[in-house]
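[1] sequence and predicted model, in that order:
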Amino acid sequence: MMSRGLVKKIGVAGALALALGAGAAAADDIAIGVNMPLTGAFAASGTFVADGARIAADEINARGGVLGKKLRLVIEDNKSNPTEAAAVAEKLIVRDKVPVMLGAWGSSLTLAVMPKLMQYKVPMLVETSSSSKITLQGNPYVFRISAPSSLEAENLAKVLDKFNIKKADFLVINNDWGRGSATDFSAMLKKHGVEVGLVEIMDQSAQDMSAQLSKIKASDSDTLFITAAVEQLTLVLKQVEALGLKRQIITTGGSQNPDQLIAQAGKATEGTMHMVFFAPWQPEKSAYPAKSEAFIAAWSKKGFDAAGLTESYRGYDGINVIAAAIEKAGVAEPEAIRKALWEIKAEGLNGPIAFQKAGPEGRESGQSVPATYIGKVVNGKVEVLQ
Amino acid sequence: MTRLTPIIVLLFFASVPWWLTDQYLLHTLITTGIFILAAMSLNLLLGYTGQLSLGHVAFFGIGAYTSALTALGFDVELFGLFRVVHEPWPPVLGLLFGTLVAALCGFVIGKLSFRVRGAYFVIVTISFAEVTRLVSLNWVELTQGPLALPGIPPLTIGFPGLGYMTLWEKTENYYVVLAFIVLAYILIKRLVNSRFGRAMIALKGNESLATSVGIDVTRYLVIAAIVSAGMAGCAGALYAHYIQIIDPMIFMFLNTVTMVIMVITGGKGTLAGPLVGGLIFGLAPVVLRSYVGPEIQWILYGLLMIVVVFVLPQGIVPAIEQWFNRTKAEPLREPSVAGKGERA
Amino acid sequence: MNVDQLLQHLANTLIMGGTYALLGIGLTLIFGIMRVVNFTHGELYAFGAYGLYFVSVVLGMNFYVSILFAIAGGMVLGALIELVLLRPKRGADIDTTMLLMIGAWIVLQNTEHLAWGSIAKSIPSPFPTEPLVIGPISLSWLRIFVFGVAILLIIATYFLINRTRLGNAMRATFQDTDTAALMGVNIRAIYTMTFALGSGLAAAAGALLGPVFVVTPTMGDLASLKAFAIVILGGLGNITGATIGGFILAFVEEIGAGYISSGYRDAMGFLIIIVVLLFRPTGIFARVERIG
């Protein structure tokens, strides 16, 4: 055993020397890893984000790329599964040698990737995940442009009196995203004197929520908060209508694609409200109207479904921020990009992007403060309330 | 094949980290090795006793979760009555407990499911694996369910007084997995060649005959299940500490199917079968990945499985052995299509 | 306990039970007559759902006609599987055919993935979205339709098996293949027809539930597992058992999800299997021998 240990150490040294030698070869493009759910429960959302990222990369490359090199997106499917997300990160870092990544959509997926970032010291831009845990763990390689659910809840609190809520139930997806949202929104509601009733969970692959909804139907709440991605949400809304459940419905998380809901669940969506982070229904009111309109035009030119805009903008913003950081770093190396990310002031479709420190001192994560909007479905069209 | 073949193969694989510079390929070899270990354990049931257990991934997952939770610690309230608090222990103890708990589950499940045979047995084993998956998914307090269990510490090996080392590097993990495969190989070889092994093979051939000559069939099957489950649990534990994250999808049926494909293709009931099958299916994704998407890759796996059942029902290893023996005996003879089906 | 809630749960049970029974009957028929554990059953279910999507959404045909096409498509695919994979291996042991079926399952599922992509498809139905309200119970018209068709298909299957010449031959094969062959029953044809019929029922279940839920390439996995649970409950090869088993599974799932924990909804079926096998290893309604 001991002699083998020695042998192995020599082996490690040899392998390391060879690996370093291989790594020194100059690449003629800059690879960016994209870790997204392209199959499984979140396939629709992950695909939209990846498409948004592609548009950003194409635009940047058309302008001549970054540091005189073309951007090359290495998009890998994490199958909506945490272990797979970690495996994808391993592959992107070790095999494709990407200096920076975008990902991994879901909170549980992102949390699964985070130890890999620490291990290999590669930064990742988090574009969708909302669990508050992500930026509080003391992982200095995490930079998030999406809203933590606590921020989402605070933004809702500002206009809470509009909704006249006395008692609220929750129906949330069973993962870090759903559970985190239930915790943060309940805390906010209780603080404002609103009673919290049932908190029902549903598996990410569940299709029949009748049992949970029947239980909610028997409660005396006036409002139902739902956190789920668009496919599941479509089913929930259909089943809400089928069960004759009359509640004020507010959905959170920004992955609802309201137009897709209207197209697929029809009248069941009437009157429902959705917290989103990009309002493509009124680009003129966004922080940078010209950019929003240009992105919407590029999106429709590619023939993509307009319903995906509330999701795809994340990929677009994400790649633009990463490109800006590489430009600022002057070199496509993980540590340089990580440092540069702290100095970024970017114009995102969601609004200005700049990272503030979050989490334990000395190993803070970056958190940008995005805007939130509430869209309400009125006569089959989305009206922006806030 | 000569007696030297295993030694030569072992020396070759021991040399791999010396010349393989691609760390990702090494990573793939490690995970493949872990799956080979699991496939070897399945082979004990499937190949030597002839019981098609399709819930094998349950033991793999139980080993992984037990080991991870032993190492990470937990704080659980049972039935709202009393709390069980467990402080983190060294991962090596996790490996031990993972193996033992999986073996215990093998005993319980064996006792229950060997009451039935054939189709019932298959469905019972699948159901058992599904229940373990759903428990791991829903017992969030213990397993964190779909939130996954991240941050599992890597193994630390060593002896008191001689120093310890934590297995962070791929090369170190590679040798540990290789060592476990060698151990499992020797264990299975001795087991199969013992009185116990001969009894197992006898009851595979004809269960009622085996019963009539006084073999306590169920007892032998349960013992085989215990050993097999323990080995699978050990593989699962190695997996958890190497990958450092597990979630309920570890229990998915497709993982069992992967093990079954490895064993069937390589040659069930042979010592080398799971190794050959495992290497083929463990490394195939790396090769195929650059040419085709994962769907086509799985379609190829499925087709290959069908083809193997039709053309090489005994698997690759017996076919090669036959070919080898025949060419040795009659060197002038044209090597025919691997003497298919002769042992069927 | 809230009576209104319980009534709603019971109504949900009845509606799901119909399609579960359909799934179970298809699987148990194939097992009973052919001694094949059909791992492709769930894929036929998915095939039915995609078939409906293809004919009614992509080709734009009438919804009801499309359902017939989907069922017919399932029967054809089933017959093909039988002809290509099972016929050459007739008489092989049960494990061999099981491995073949697992291979076919993998091929079919990934072909669906390749053909349709992984993003869920939704199928619009011609029914009004306002539910039918009877006192405290609300039921969607679509689900009532699904239930009605499922019951119709179950009755038709009973009729086919108990009142027709084909059914006679199938029952004869079920009881004793060799004797049936001696009596002039064309066993090969019976096998193909059985597999086609069982597959058609699975495709029907898929086509019926497709519009209720969404259609995804992996939807068949859970359907297969549930069909296994139903069949074990009722006893392998027992059609009445599978019918009742379907309703029992729906009941246990619904009550479990409503009163115990929604997360364990899908676990209920498997827990039942384990309990049943502890006390009655051949299923609640079983007459067949224990060692299958």
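    Ah, there it is.

[2] going forward, measure contacts between C-alpha atoms and count neighbours the same way
    OK.

[3] what are the ranges of the helices in chain B?
    With DSSP state H as the criterion, chain B has helices at B:5-19, B:23-43, B:57-72, B:91-113, B:118-138, B:140-143, B:170-192, B:195-205, B:207-212, B:217-243, B:253-266, B:273-289, B:294-311, B:316-329.

[4] chain C: which of the ones you listed is closest?
    Proximity to chain C, assessed across the helices of chain B by Cα to the nearest Cα, is greatest for helix B:294-311 (4.2 Å).

[5] what packs against that closest one?
    Applying 3 or more Cα pairs under 8 Å, 6 or more residues apart in numbering or on different chains; DSSP states H and E, one finds that helix B:294-311 makes contact with helix B:253-266, helix B:273-289, helix C:94-116.

[6] show me what the mean pLDDT comes to for it.
    In this model, helix B:294-311 has a mean pLDDT of 87.

[7] how about it: buried residues?
    Going by neighbour count (16 or more other Cα atoms under 10 Å in any protein chain shown), the buried part of helix B:294-311 is B:294-306, B:308-310.

[8] which two from those end up farthest apart in space?
    B:Pro294 and B:Phe310 (24.4 Å; Cα to Cα).

[9] sorry, back to before: distance to A:Gln212 added to the helices of chain B, as JSON lines?
    Shown next, in JSON lines, are the helices of chain B (distance: least, Cα to Cα, whole Å):
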{"stretch": "helix B:5-19", "distance to A:Gln212": "53"}
{"stretch": "helix B:23-43", "distance to A:Gln212": "38"}
{"stretch": "helix B:57-72", "distance to A:Gln212": "29"}
{"stretch": "helix B:91-113", "distance to A:Gln212": "32"}
{"stretch": "helix B:118-138", "distance to A:Gln212": "15"}
{"stretch": "helix B:140-143", "distance to A:Gln212": "18"}
{"stretch": "helix B:170-192", "distance to A:Gln212": "45"}
{"stretch": "helix B:195-205", "distance to A:Gln212": "48"}
{"stretch": "helix B:207-212", "distance to A:Gln212": "49"}
{"stretch": "helix B:217-243", "distance to A:Gln212": "34"}
{"stretch": "helix B:253-266", "distance to A:Gln212": "27"}
{"stretch": "helix B:273-289", "distance to A:Gln212": "40"}
{"stretch": "helix B:294-311", "distance to A:Gln212": "34"}
{"stretch": "helix B:316-329", "distance to A:Gln212": "51"}
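
[10] coming back round to it: single out the most deeply packed of the helices and strands packed on helix B:294-311.
    Most buried of the helices and strands packed on helix B:294-311 by mean neighbour count (mean count of other Cα atoms under 10 Å in any protein chain shown) is helix B:253-266; its value is a mean of 24.

[11] and the contacts of it?
    Helix B:253-266 is contacted by residues B:35-36, B:38-40, B:42-43, B:47, B:54-57, B:126, B:129-130, B:272-278, B:280-281, B:305, B:308, B:313-317, C:102 when judged by Cα atoms under 8 Å, 6 or more residues apart in numbering or on different chains.

[12] quick one, that helix and helix B:273-289 angle?
    Using axes from the mean of the first three to the mean of the last three Cα atoms, to 10 degrees, the direction of helix B:253-266 lies 110 degrees away from that of helix B:273-289.

[13] among the helices and strands packed on helix B:294-311, show the one with the smallest mean pLDDT.
    Lowest mean pLDDT within these: helix B:273-289, at a mean of 86.

[14] how many residues are close by B:Gly205?
    Residues near B:Gly205, counting by other Cα atoms under 10 Å in any protein chain shown, number 14.

[15] can you list the residues of chain B near chain A?
    Neighbours of chain A within chain B, by Cα under 8 Å from any Cα of the partner chain: B:17-24, B:145-148, B:150-151, B:171-172, B:245-247, B:249.

[16] can I have the buried ones of these as a PyMOL selection?
    In PyMOL syntax, the buried subset of these is picked out as below (16+ other Cα under 10 Å):
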select buried, chain B and resi 17+18+20+21+22+23+24+145+146+147+148+150+151+171+172+245+246+247+249
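
[17] the residues of chain B next to chain A: which ones sit near chain C?
    Checked against chain C using Cα under 8 Å from any Cα, the residues of chain B next to chain A yield no neighbours at all.

[18] ok so, going back, of the helices of chain B, flag the one that's most buried.
    Counting by mean count of other Cα under 10 Å, helix B:57-72 has the highest mean neighbour count of those, with a mean of 29.

[19] near chain C, which residues of the stretch 1-150 of chain B? Just list them.
    Within the stretch 1-150 of chain B, the positions near chain C by Cα under 8 Å from any Cα are B:52, B:112, B:115-120, B:123-124, B:127-128, B:130-131, B:134-135, B:138.

[20] rerun that using 10 Å as the cut-off
    Proximity of the stretch 1-150 of chain B to chain C, by Cα under 10 Å from any Cα of the partner chain, involves residues B:46, B:50-52, B:112-113, B:115-135, B:137-139.

[21] do the same with the stretch 51-200 of chain A
    Within the stretch 51-200 of chain A, the residues that sit near chain C (Cα under 10 Å from any Cα) are A:Lys79, A:Asn174, A:Glu200.
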